[in-house]
Each structure stands twice: as structure tokens, then as C-alpha cells.
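*Asks:* show me how the following folds:
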Amino acid sequence: MLQRKLLVVALFAIGFLLNMASSNVNAQTYTDLHDFNCATEGCQPASPQLLAQGRDGNLYGDIDGGGTYYLGTVLLATPSGTVTTLYNFDSSSGDSMSGLTFGTDGDFYGTTWGGGVYENGTVFKVSPSGTLTTLHSFASSEGGPVAPPIQAKDKNFYGVTYGPNYTAYKISTTGAYKTVSSSSPPYVEAPLLQASDGNFYGPSVSTNVNGGCGSIFRMSATGTVSTVYSFDTTHGCNPVGPLVQDAKGYLYGTTFSGGSFDLGVVFRLTTRGVLAVLHDFDGTTGGEPLAGLVLATDGNFYGGTTISGTGLGGVVFKITATGNYTVLYDSGDGRYGWGFSPNPMQHTNGKIYGLAEGGGTYDGGVLYSLDVGLAPFVRLMTTQGNAGQIVQLLGQGFTGTTGVMFGTGSASFTVVSDTFMTAKVPATGTTGYVAVATPSGTLTSGQTFKVLPVITGLTPTSGPVGTEVTITGSGFIGATKVTFGGVKATTYTVNSGAQITATVPTGAKTGMTAVTTPGGTASGKATFTVTP
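*Replies:* Next up, the predicted model:
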């Protein structure tokens, strides 16, 4: 924290002196949308301060400087860059640097540094209109938060505290709070990532091994914590920004220092702890990233740094999964933003959006967009579920929608507004992308949706080898395996998304009947008794 704050102050001072003409040659894709003014609004956004897209298509975030009480604000920004202050933090609510997480209830969730009952920070939620509610005040024994909590698959929010005590917690939308672990890793400034295996992963800036270079840790939903990888300077040091996971299950992130030039790296990591350095920052083309990466719909990663070799601090870059690195925007003299420490995000209009610590007309930082030609898409608020489950979709141009497909299954849907709709997972739905047919064209989801198979009954529930069994449930289309007591059936027919007929195979044992599809495996309490 101290190192980061000193860096911000230093860069701000340099920016004030050198705020001259931009020298970037790729500025046609980068747009300075709004210049923050410390005298009238929040300003100088710093890591992590993530932006989140709401149901109305606007961006929401918080900034820990400026505002009425100089403790920061909650802001709303349109995609074109019109910024409105929704809430001013004060001495009772604390100051917020976390950024916001959008919840399935339509509200946004974040944390404050300081404030609350014990002056040690809070978890809060804020409505799109700016009504802020404190959900939990941290006691000194729990440590203080930096990053916002993230909403997990169980609909609860999970987060960690930075210190001096280190706590992992979960909290509901109504404020029901529970300590998950009282021994979470130290110095976590980034929000957690819930990976495809259901566990949470995150970066610890500093640890007591390998010279204190930090680590990547794993935490189960019940609070069991383990180290996945400890950094060693050669492969990076001090990971600060959040992690992101691709469709293959790899974790990607950055470190602030370490690597060949001691200016940080971009890395890829397996959940088993095998790390590969994809890029060593050299200073000339960027260095010392505090932000993590955003995985865009083109399969590439985008991020920012706090220093560069052409003038003031920072570049915005693209890197492929194989490590092909390209600078897309260099801050140059900083007039249009410098110090890209907050994490960028991708809006469903296809553009990348982010915040810069300094630069702009008032040198209070900027809101920027990066247009790399990516098409509009749909964001799923839930990426897995059963047939019949309601899924929320964010996007644009929904008015006049004529159809929604979950894989190959047609879904019923409700258009709530031009930027928000809901759809019911159909019984014929299959694991894959969600497609929305709008008057202007078909929008495809940026994530795949897993249709989870569910078994609700067997007819009959017992019989000898060779018995034909009707398995009822949902999510069966595309089934790749049926087993009886762990023994694979060689003969089965998927009659529909709700029914399979299978023949009890030779060698079958009394036990669970299971169905495996691209969405997962279902067994539940479907016990079949094999008789002589």
C-alpha cells in the first residue's frame, strides 16, 4: 500500500510539470473520454478501482480522491464519457479505492478503507441511483479491506482483507456476514477470482518465502488456503492486479516487479502451479504494472502499466495467450492520461474502458476507452444453471429481440430494456454460447453457458443386467456417458433433454446412476439396485 501511494504521488508530481502535447501515434484507437477535476468531483483513481457495467448499459465505479469531502465518490459514466457523481464518501463511510462489483440484484458492491463503526473499513452496496448502504463494519481483529468482494456461484460475495490482520469473508446481499478464514494470505489488493473448479484464487503481494516476492493462492469456499505458486524474482515479484482465467483453465496475471529487467512480467499459471512468463517488461515499452488483465472477446488480453520509456508513466497494451506483446497507446507527455494502474474492463459494446491516475485538463486522471474493432456482445450474469433457471443478460439493442438460443435450444425471454433482458434456460438447451437475435443482428455471449444435467428419477429402480431403464431429469442433450454403479452403459438413447433410456450393462453394480454431458455430471440420489 505504502509503495503504491508513494508511486502515485511521484507520478502526479511529474505529470503536473510535464502536462504537454501527446506523442502517441496510435491515439486513434484511444479516447480520453473525461478529465477528472479534484475541485468538483472524484479524481486520481488508483489500483484496483474496477469499473462495472450496469443493467442500463452505463459504467459505475468509485474514486478515492476528490469529492465534497476529499474522500472520493461513486460515479456513473455513460459509454460516451458523461460522468455523474452519485455519492460522496465522508468520515463515517470512509474512502473507497476498491472499485465496484455488479450483483445479480442490480446493485453494486465495494469496500471502503476506513470508516464504519470501528473506523476500519466497510463492505457496502450502492444502488444505480446512488443510495449507499453499509453492510458490514470491519473490526481491527478482521483487518481492513482494499478490493471489492466478488459474487460467487452461490450468490454470496467473497473477499479478503489487506491487513494488519488477514481475513477472508463471505457476505450476503442483505449483510449476513461470516468469516471464512482467519489466516488468509497477507497483502491482497486485488479481488478474488472464482475459477472453473469452484475454488477462489488471488495474488498475495508479499510473503515470507523467496525474498518476500508474493504468491498466488487458492482458497476453497470453506476457507482452506494453500499456495499455488511462490514468485522468485526471476519469474516475477509482487503480483498486485487481479487474475483472469481462460476457457482452457489457465490463470493469467501480472507482477509489479521482477523478471529480466525487474519491471514486472505477464504470466500464465496452471491451477497446479506450473508458471510460464509470457512477457518481461523492459521500461521502454512499459513497466511496473499494478493492474491485471482483461480477457476480451477476441481471445487476447489487455492491460496497462504505470511507467514507459517515452515520457510520463504508462502504456496500454495487448498480449496474446502465446506472449505476442503490442503497445496500443503510450501516455507520452501524459496529457490524455498516465499511470494506468486501475484494471480495465470490456463493455458489451466491444470497447475496452479504464481509468488513469493522472493527466487530463486538470491532471486529476481520466476515463478512457480503447476501440480495437471488437463487435458488440452479450454478457451473462450467470454462466451455468439447470433447465428452467432464469439468466440475466447485459448488452445493447435488445428492443425488438426475436429469439434467444442456449446452444442449440430455443429459450423463452423477457426484454426489460434495450440494455437488459432475462431468458429461461430451455429444456432443449445445450452447453455453449448464448445467441440473441436482435433487429440489428445476432449478438453472441462472451462466455459459454453450461447447462447442468439433473437426474430426478429412474424407472424401474432395480432389475438385472439387460434391464432398460428410463432416466428422467433435464439437461441431457449431448450426453456422452451413462453409468450404473460406475460401470459404463454401452447402449443408451437420449430421447430428449428430459429423458434417456439406457440398458444396464454387464458388470453393473448397485449404486448411483450418473449422466455426463458437456455441462457436467449428474447423479444425485439416483440409486439403481442390480438384482440377480
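*Asks:* output the lowest mean pLDDT helix or strand found in the chain.
*Replies:* Least confident element among the helices and strands of the chain, by mean pLDDT, DSSP states H and E: helix 2-17 (a mean of 38).
*Asks:* strands of the stretch 151-300 of the chain, start to end?
*Replies:* Along the stretch 151-300 of the chain, the segments classed as strands by DSSP state E, counting those that start in this stretch run 157-163, 168-171, 177-181, 193-194, 200-204, 215-219, 225-230, 244-245, 251-254, 265-269, 275-280, 294-295.
*Asks:* could you give the angle of the longest one to strand 177-181?
*Replies:* Using axes from the mean of the first three to the mean of the last three CA atoms, to 10 degrees, one finds that strand 157-163 and strand 177-181 are set 60 degrees apart in direction.
*Asks:* what residues of strand 157-163 count as buried?
*Replies:* Judged by neighbour count using 16 or more other CB atoms under 10 Å, the buried positions of strand 157-163 are 157-162. No exception for glycine: its C-beta is placed from N, CA and C like everyone else's.
*Asks:* closest one to Thr174 out of the residues you listed, please.
*Replies:* Phe157 (11.0 Å; CB to CB).
*Asks:* now that closest one. Nearest residue, chain neighbours left out?
*Replies:* In space, and not counting its chain neighbours, Phe157 is closest to Pro149: 3.8 Å by CB to CB, 6 or more residues apart in numbering.
*Asks:* is it true that the one you found touches Ser172?
*Replies:* No. Using CB atoms under 8 Å, Pro149 makes no contact with Ser172, being 10.7 Å away.
*Asks:* which of these two has more neighbours?
*Replies:* Set side by side, Pro149 and Ser172 show more neighbours around Pro149, with 26 against 13, by other CB atoms under 10 Å.
*Asks:* what about that one, distance to Tyr187?
*Replies:* According to CB to CB, to the nearest Å, Pro149 stands 17 Å off from Tyr187.
*Asks:* following the least confident helix or strand of the chain, which helix or strand comes up?
*Replies:* The helix or strand immediately downstream of helix 2-17 is strand 30-35, counting by DSSP states H and E.
*Asks:* describe which strands that following strand pairs with in its sheet and in which direction.
*Replies:* Paired strands of strand 30-35, with direction, are strand 366-370 (antiparallel) (DSSP bridges).
*Asks:* which other residues reach the strand it pairs with?
*Replies:* Counting by CB atoms under 8 Å, 6 or more residues apart in numbering, the neighbours of strand 366-370 from elsewhere in the structure are 29-36, 59, 77, 79, 81, 83, 302, 316, 328-329, 336-337, 344, 351-356, 359-360.
*Asks:* following that strand, which helix or strand comes up?
*Replies:* Past strand 366-370, heading to the C-terminal end, the next element that is a helix or strand (DSSP H and E) is strand 379-380.
*Asks:* so what strands line up beside that next one?
*Replies:* In the sheet containing strand 379-380, its partner strands are strand 390-394 (antiparallel), by DSSP bridges.
*Asks:* what residues of the partner strand count as buried?
*Replies:* By neighbour count, and taking 16+ other CB under 10 Å as the criterion, the buried residues in strand 390-394 are 391-394.
*Asks:* for these, which one is nearest Ser181?
*Replies:* Lowest distance from Ser181 to the buried residues of strand 390-394 (CB to CB) belongs to Gln392, with 29.9 Å.
*Asks:* got the contact list for Asn37?
*Replies:* By CB under 8 Å, 6+ apart, Asn37 lies in contact with 43, 66, 361-362, 364.
*Asks:* turn the buried residues of strand 390-394 into a markdown table, columns for distance to Gly212.
*Replies:* Output for the buried residues of strand 390-394, formatted as a markdown table (distance: CB to CB, whole Å):
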| residue | distance to Gly212 |
| --- | --- |
| Val391 | 44 |
| Gln392 | 42 |
| Leu393 | 44 |
| Leu394 | 40 |
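*Asks:* for those, which one is nearest Gly72?
*Replies:* Leu394 (25.7 Å).
*Asks:* just to revisit the earlier point, in PyMOL, how would I select the buried members of the contacts of Asn37?
*Replies:* One line in PyMOL is enough to select the buried ones among the contacts of Asn37; burial here means 16+ other CB under 10 Å:
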select buried, resi 43+66+362+364
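*Asks:* check contacts around Phe340.
*Replies:* 291, 303-306, 314-316, 331, 354-357.
*Asks:* how many residues are close by Gln384?
*Replies:* By the criterion of other CB under 10 Å, Gln384 has 19 neighbours.
*Asks:* what distance do you get for it to Ser140?
*Replies:* 38 Å.
*Asks:* okay, the angle between the top strand by length along the chain and strand 390-394?
*Replies:* For the chain, the strand that runs over the most residues, judged by DSSP state E, is strand 441-451. What separates the directions of strand 441-451 and strand 390-394 is an angle of 140 degrees, with the same axes, to 10 degrees.
*Asks:* so for the following helix or strand past strand 441-451, what's the average pLDDT?
*Replies:* Sequence-wise, the next helix or strand downstream of strand 441-451 (DSSP H and E) is strand 454-459. Strand 454-459 carries an average pLDDT of 95.
*Asks:* parallel or antiparallel, list what pairs with strand 454-459.
*Replies:* Each strand pairing with strand 454-459, determined using DSSP bridges, is listed with its direction: strand 468-474 (antiparallel).
*Asks:* what comes into contact with the strand it pairs with?
*Replies:* In contact with strand 468-474 (CB under 8 Å, 6+ apart) are residues 386-388, 427, 453-460, 463, 482, 484, 497-504, 513, 515, 522, 526, 528.
*Asks:* give me the helices and strands touching the helix or strand that comes right after it, please.
*Replies:* Toward the C-terminus, strand 468-474 is succeeded by strand 481-484 as the next helix or strand (DSSP H and E). With contacts defined as 3 or more CB pairs under 8 Å, 6 or more residues apart in numbering; DSSP states H and E, strand 481-484 has these neighbours: strand 499-503, strand 511-517.
*Asks:* who wins for proximity to Tyr252 among the ones you listed?
*Replies:* strand 511-517 (28.0 Å).
*Asks:* what angle sits between that closest one and strand 468-474?
*Replies:* Computed by the same axes, to 10 degrees, the angle separating strand 511-517 from strand 468-474 equals 60 degrees.
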